[in-house]
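In: Give me a 3D structure for the following:
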Amino acid sequence: MGRKQIIKLCALAVIFSSSLVVAQAAKPAEAPTVASAVDHYVRSVEREIVPAADAMPEDKFSFAPTNGEFKGVRTFSQQVKHVAAVNYIIGAAILQEKPPLDIGGENGPDSLKSKAEIVNFLKDSFAYAHKAVQTLNDKNALQPIKNPFDESTVTPLELAAWIPGHCFDHYGQMVVYLRMNGIIPPASR
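Out: Here you go, the predicted structure:
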């Protein structure tokens with residue numbers, strides 16, 4: 001056997017033994033569920049919006065654009081509180097219970113003023129949203145429930161889908177506010 005053949009044989013042996021080790025260490029993938037599929041998207045938006053909220057400095061948290069067509073828009077902190085409040089509203093509707101705290105309606109509690117309080121409110125709202133979407137299953141996901149935003153009915157799955165959609169809508173606005181203040185959003189760094 002020549003030198004090149006020995007090197008090839010050794011390389012194949014290393015690859016084969018590595019494959020065995022990886023195969024033994026890998027666990028079989030769990031079958032996806034309605035809850036895991038939806039929660040994947042809630043986690044995805046959470047990984048974008050929480051760092052964006054945290055990136056805005058405390059002294060700019062009350063920023064709202066004033067040039068152009070921005071009259072009456074929410075401030076940055078109001079955007080964050082609104083996202084969190086709606087997460088709670090949707091989570092409570094899915095769980096068919098009242099929100100676990102006074103959220104002050106769709107705009108969030110007026111009592112939250114500091115960046116730390118508002119970011120914690122946002123983080124806690126995602127924990128509650130995760131709790132809610134984890135209850136979804138093949139039996140309950142499509143059962144009509146009361147829509148928390150009007151008198152219609154909606155399914156828990158539809159409500160759960162609103163979480164990332166709504167969050168990404170406001171995330172886009174938050175990104176504009178960050179960039180207007182010279183801050184590169186964490187997801188773009």
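In: how many other residues sit next to residue 173?
Out: 16 (other CB atoms under 10 Å). All C-beta spots, glycine's among them, are computed from the backbone N, C-alpha and C.
In: sec struct for it, please.
Out: helix (DSSP: H, G, I helix; E, B strand; the rest coil).
In: quick one: contacts for it?
Out: Residue 173 makes contact with 73-74, 79, according to CB atoms under 8 Å, 6 or more residues apart in numbering.
In: what about residue 166, which SS state?
Out: Classified using three-state DSSP, residue 166 is helix.
In: For it, give me its contacts.
Out: With contact set as CB under 8 Å, 6+ apart, residue 166 has these partners: 83, 86, 90.
In: pretty sure the first one is touching residue 164, no?
Out: Translated: residue 83. No: counting by CB atoms under 8 Å, residue 83 stays clear of residue 164, with 11.0 Å between them.
In: which of those two has more neighbours?
Out: residue 83 (27 against 21).
In: Roughly how far does that one sit from residue 170?
Out: Separation of residue 83 from residue 170 (CB to CB, to the nearest Å): 5 Å.
In: which neighbours do these two share?
Out: Contacts common to residue 83 and residue 170, judged by CB under 8 Å, 6+ apart, are residue 49.
In: Give me the phi and psi for the residue nearest to the spatial centre of the chain.
Out: Nearest to the mean C-alpha position of the chain, counting by CA atoms, centre = their mean, stands residue 46 at 2.4 Å. The phi and psi values for residue 46, taken as degrees, to the nearest 10, are phi -60, psi -40.
In: residue contacts, the residue nearest to it when sequence neighbours are not counted?
Out: Once flanking residues are discounted, residue 46 sits nearest to residue 126: 4.6 Å by CB to CB, 6 or more residues apart in numbering. Going by CB under 8 Å, 6+ apart, residue 126 touches 42, 46, 50, 87.
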